[in-house]
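Chemist: Can you look at this prediction? I've put the sequence above it.
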Amino acid sequence: MIVPRRHRSMFDDFMSDPFDSFFGSLPQPQATPNLMRTDIKEDENGYEIVIDLPGFDKENVTAELKEGILKVSAKTTAQTEENSGTYLRRERFTGQCSRQFYVGEDIEEADIKAKFDNGTLQIAVPKKAEQPKLEEPRTIAIEG
């Protein structure tokens, strides 16, 4: 028995497996590769971390520092709508995601500045000035 091919919609993903349409199955949801895209820039004063978080609200974005690791988390939930239509495809991310960055154990929460604007999180992490090592006195054994 031959299974008829389902009609392709303009919302179909043309990069999906060609056998999806042959067997009449829908493509499986995949992780969004563009989630939390991050740029890190260094200058003489510190580091600037810029994270793209489109579709996230500031209230649902957190940054915490623990043992030298800066963890940025964001979550979003599905919007409930009152229309009676059926989705043919849903590609908007719902759920939680996070990234971690080692910033050094000598950095404190008060040192880090963060700003969320228009779906972009900007974090400034200063460089700590390296403390000069105090040279320990060396004793010379005196024979006699």
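Modeler: Here it is on my side, so go on. Numbers count the residues shown, from 1 in each chain.
Chemist: contacting residues around the residue nearest the centre of the chain?
Modeler: Central residue of the chain (Cα atoms, centre = their mean): M36, 3.2 Å from the mean position. Counting by Cβ atoms under 8 Å, 6 or more residues apart in numbering, M36 touches I51, D52, L53, V72, A74, C97, S98, R99. Backbone N, C-alpha and C define where each C-beta goes, glycine included.
Chemist: So which of the residues you listed belong to strands?
Modeler: For the contacts of M36, the ones inside strands are I51, D52, V72, A74, C97, S98, R99, with DSSP state E as the criterion.
Chemist: which among those residues gets closest to I107?
Modeler: Checking the ones in strands among the contacts of M36 against I107 by Cβ to Cβ gives V72 as the nearest, at 14.5 Å.
Chemist: how much space is there between the closest one and I40?
Modeler: 12 Å (Cβ to Cβ, to the nearest Å).
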